[in-house]
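# structure for the following, please:
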Amino acid sequence: MGREKLYLYDTTLRDGQQTQGVQFSTAEKLKIAAALDALGVDYIEGGWPGANPTDSAFFEEVGDTRARLTAFGMTKRAGRSADNDDVLAAVMNAGTGSVCLVGKTHDFHVTTALGISLEENVENIRASVAHVVAQGREALFDAEHFFDGYKANPEYALTCCRAALEAGARWIVLCDTNGGCLPNDIGRIVTEVIENGVPGARLGIHTHNDTEMAVAGSLAAVDAGVRQIQGTLNGLGERCGNANLTALIPTLLLKAPYADRFETSVTVEALEGLTRVSRMLDDVLNRVPSKQVAYVGSSAFAHKAGLHASAILKDPSTYEHVDPALVGNRRVIPMSNQAGQSNLRRRLSEAGLEVAAGDPALARILERVKAREAEGYSYDTAQASFELLAREELGQLPAFFEVKRYRVTVERRKNKHDQMVSLSEAVVVVKVDGEKKMSVSESMDDVGSDRGPVNALSKALAKDLGRYQHIIDDMRLVDFKVRITQGGTEAVTRVIIDSEDSSGRRWATVGVSANIVDASFEALLDAVRWKLVRAEAV
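Sure, this is the predicted structure:
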């Protein structure tokens, strides 16, 4: 027997936009839609046309997609026909082949939130879906608060779903809108829905993550018979988010029994781009990717303990549930004072440094790592700085340039709007190929500008490195973390800086000092040197 088809429905551009602090521009929505289409999802819900100018503009500008582009809206309002509801008309005017309408299925919400009779709500659902179908569109019905409604009044919740089904809806999507229904309840209720006449081949699932079980709830629904899964990239969504497609998709493709029973439109080849797509979204949102998320996080395949790394050297499956390359991720062997020589050799090998077992340099590197971490350094999260340390110990770190001096000043003054702002000025003098070069840069903590002394230092350092300048021109600082590692008058500041280049490559460096500016400059220096090393700029 062939595998059954599971349909993937992405609602990042609509439900994901309800995340606190998230507001996509039209250009950003077009970029995300293109990435989703290339990934291979079956449906892309583009937003609610008519609800805001951005969503309306998106539907006007988006071109053809392989995925079914879907407009979202609500069932017609009480007291008017589907033909004369301007809100419904705006959704239809988006011209998409698929239309998803949300409607109440919990009797409490019908009488309390809408203030209408239960019978009138059922008729609104029926008439709205019939209106969509009559215009030759594929209709989806989002059964809002379905699971809570089913627990309170199962017959009424089912009546709402049957009304949409009989009116011609292709999909009846059961929504755990409040996110509080546990996976075993979802599985049980889906089973009962199918037993009461709504075919699983017509059912979808839409879960929220308020109990950290949205993915588990979605899989429970699939086990029970639904054949469409709704979710968002990186689990975006209001409150605690929606089911995370970056966890669901690889689970469906790589894990039994799902990989054996089902097929999706996401190919194994496309799956290799999943990590890149996930990080692209975080880049659009200008936020740091979560390191410990399943499959795509930078720590998802990190092995810190020496015992783990030793086993990984023999067989990666000892501590990895899948090959990280399958989702476009990579294995990381971080360095810390817990590391042994097996761990160290593996990490060096990944950096292109082959050192034979028993080489005295291994012991020297380990001792230096442990000594530095005792001073406050952390090479667990600063892999690039560790590589530079190891290269220096091995005599393989070129002296690209020398910093002769640097200075940072901070001035508080009023701007043209009579507001107090800080202006930071950095001066950096470096020696490259025997020639001294002085660079100056400013940074102001004003609205819409780059900010702070560290940013000024970063720009000054990267302003003129002579023959190496073209290599670092595409570098940018993307994250800056500060931690005080000791208290009192002997406090030590640790700074971790994440840098990125135009290829999407990302690396972390560390600096430690009693002075936050010194610590920051040390991390910035390591970031530049690592970039030059990786470019083989000797």
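# against residue 464, how distant is residue 217?
The spacing between residue 217 and residue 464, counted by Cβ to Cβ, to the nearest Å, is 56 Å. Using the backbone N, CA and C atoms, a C-beta is placed for each residue, glycine as well.
# actually residue 473, not the one I wrote
11 Å.
# between the two, which one's more packed in?
In this view residue 473 and residue 464 are compared by other Cβ atoms under 10 Å, and residue 464 has more residues nearby, 14 against 11.
# quick one: average confidence on stretch 166-175?
Averaged across stretch 166-175, pLDDT comes to 98.
# quick one: end-to-end distance for that stretch.
Stretch 166-175 stretches 19 Å from its first residue to its last (Cα to Cα, to the nearest Å).
# residues contacting it, please?
9, 98, 100, 102, 125-130, 132-133, 138-147, 161, 164-165, 189-190, 193, 198, 202-207, 221, 226, 228, 230 (Cβ atoms under 8 Å, 6 or more residues apart in numbering).
# give me that answer again for 6 Å
For stretch 166-175, the surrounding residues in contact (Cβ atoms under 6 Å, 6 or more residues apart in numbering) are 126, 129-130, 133, 138-144, 146, 161, 164-165, 198, 202-206, 228.
# so for the nearest residue to residue 496 once chain neighbours are set aside, what's the pLDDT?
Nearest non-adjacent residue to residue 496, counting by Cβ to Cβ, 6 or more residues apart in numbering: residue 481, 4.4 Å away. Reported pLDDT at residue 481 in the predicted model: 85.
# what remains of the contacts of stretch 166-175 if I keep only buried residues?
126, 129-130, 133, 138-144, 146, 161, 164-165, 198, 202-206, 228 (16 or more other Cβ atoms under 10 Å).
# keep only those of the residues you listed that are in helices.
Among the buried ones among the contacts of stretch 166-175, DSSP state H puts 126, 129-130, 133, 146, 161, 164-165 in helices.
# what residue ranges in the stretch 251-400 of the chain score low on pLDDT?
Applying pLDDT under 70 to the stretch 251-400 of the chain flags residues 304-310, 313, 333-340, 343.
# can you give me the strands for it?
262-263 (DSSP state E, counting those that start in this stretch).
# need the contact partners of stretch 62-76.
14, 37, 41-46, 48-49, 82, 85, 88, 91, 94, 96-103, 124-125, 128.
# select only the buried ones of those in ChimeraX?
ChimeraX command restricting the contacts of stretch 62-76 to the buried ones, with burial defined by 16+ other Cβ under 10 Å:
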select :14,37,41,42,43,44,45,46,48,49,82,85,88,91,94,96,98,99,100,101,102,103,124,125,128
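# out of the contacts of stretch 62-76, list just those in helices.
Filtering those for helices - DSSP H - leaves 37, 88, 91, 124-125, 128.
# can you give me the strands in the stretch 51-200 of the chain?
According to DSSP E, counting those that start in this stretch, the strands that the stretch 51-200 of the chain contains are 68-74, 98-104, 138-144, 171-176.
# ah, wrong one, I meant the stretch 401-538 of the chain
Counting by DSSP E, counting those that start in this stretch, the strands of the stretch 401-538 of the chain are 402-414, 420-432, 435-444, 476-484, 493-500, 506-513.
# does anything pack onto the third one? Which helices or strands?
Packing contacts for strand 435-444, counted by 3 or more Cβ pairs under 6 Å, 6 or more residues apart in numbering; DSSP states H and E, involve strand 420-432, helix 452-461.
# dump the ones you listed to a markdown table, plus mean pLDDT and mean neighbour count.
Output for those, formatted as a markdown table (pLDDT from 0 to 100; neighbours: other Cβ atoms under 10 Å):
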| stretch | mean pLDDT | mean neighbour count |
| --- | --- | --- |
| strand 420-432 | 92 | 18 |
| helix 452-461 | 89 | 23 |
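# want to throw these into JSON lines with distance to residue 29?
Shown next, in JSON lines, are the helices and strands packed on strand 435-444 (distance: least, Cβ to Cβ, whole Å):
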{"stretch": "strand 420-432", "distance to residue 29": "33"}
{"stretch": "helix 452-461", "distance to residue 29": "29"}
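# wait, which of the ones you listed is closest to residue 507?
With Cβ to Cβ as the criterion, residue 507 lies closest to helix 452-461 of the helices and strands packed on strand 435-444, at 14.4 Å.
# between that closest one and strand 476-484, how many degrees?
140 degrees (axes from the mean of the first three to the mean of the last three Cα atoms, to 10 degrees).
# residues in contact with helix 452-461: which ones?
Contacts for helix 452-461 (Cβ under 6 Å, 6+ apart): 408, 410, 424, 426, 428, 439, 441, 443, 477, 520-521, 524.
# distance between it and the chain's centre?
On the basis of Cα atoms, centre = their mean, to the nearest Å, helix 452-461 is displaced by 28 Å from the centre of the chain it belongs to.
# now it against strand 493-500, angle please.
50 degrees.
# can you dump the C-alpha atoms of helix 452-461 in CSV for me?
Extracted C-alpha coordinates of helix 452-461, given in CSV (Å, rounded to 0.1, in the frame of the first residue of the first chain):
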residue,chain,number,x,y,z
GLY,A,452,26.7,52.6,21.8
PRO,A,453,30.5,52.5,22.3
VAL,A,454,30.8,48.9,21.3
ASN,A,455,29.1,49.6,18.0
ALA,A,456,31.5,52.6,17.5
LEU,A,457,34.5,50.3,18.2
SER,A,458,33.2,47.7,15.8
LYS,A,459,32.8,50.1,13.0
ALA,A,460,36.2,51.7,13.6
LEU,A,461,38.0,48.4,13.8
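# packing partners for the helix of greatest length in the chain?
As assigned by DSSP H, the longest helix anywhere in the chain is helix 516-534. In this structure, helix 516-534 makes packing contacts with helix 383-394, helix 452-461, helix 469-472, strand 493-500, strand 506-513, judged by 3+ Cβ pairs under 6 Å, 6+ apart.
# so for the last one, mean pLDDT?
In other words, strand 506-513. For strand 506-513, the per-residue pLDDT averages 93.
# next, the angle helix 383-394 makes with it.
Going by the same axes, to 10 degrees, strand 506-513 makes 70 degrees with helix 383-394.
# any regions of the stretch 1-150 of the chain where pLDDT drops low?
1.
# show residues contacting stretch 86-93.
49-50, 71, 73, 76.
# how about the strands of the stretch 51-200 of the chain, which one is nearest residue 3?
Per Cβ to Cβ, nearest to residue 3 of those: strand 171-176, 19.8 Å.
# give me the sheet partners of the closest one and which way each runs.
strand 138-144 (parallel), strand 203-207 (parallel) (DSSP bridges).
# including distance to residue 278, could these go into a markdown table?
Converted to a markdown table, these look like this (distance: least, Cβ to Cβ, whole Å):
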| stretch | distance to residue 278 |
| --- | --- |
| strand 138-144 | 25 |
| strand 203-207 | 19 |
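# for residue 302, find the nearest of those strands.
Using Cβ to Cβ, those put strand 203-207 closest to residue 302, at 28.3 Å.
# just the residues contacting the closest one, thanks.
171-176, 214, 217-218, 221, 226, 228-230, 243.
# what mean pLDDT does that strand have?
98.
# what is the orientation angle of it with strand 98-104?
70 degrees.
# renumber starting at 27 from here on
Sounds good: first residue 27 from here, last item strand 229-233.
# out of the helices and strands packed on helix 542-560, which gets nearest to residue 293?
Nearest to residue 293, of all those, is strand 532-539, at 25.8 Å by Cβ to Cβ.
# what's around residue 52, how many residues?
Neighbours of residue 52 (other Cβ under 10 Å): 18.
# how close does it sit to residue 37?
Taken as Cβ to Cβ, the span from residue 52 to residue 37 is 17 Å.
# which pLDDT value belongs to residue 210?
98.
# that one: how many residues sit nearby?
Residue 210: 11 neighbours (other Cβ under 10 Å).
# now the nearest residue to residue 438 once chain neighbours are set aside: how far from residue 285?
The shortest distance from residue 438 to any non-neighbouring residue, by Cβ to Cβ, 6+ apart, is to residue 448 (5.6 Å). Taking Cβ to Cβ as the measure, residue 448 falls 55 Å from residue 285.
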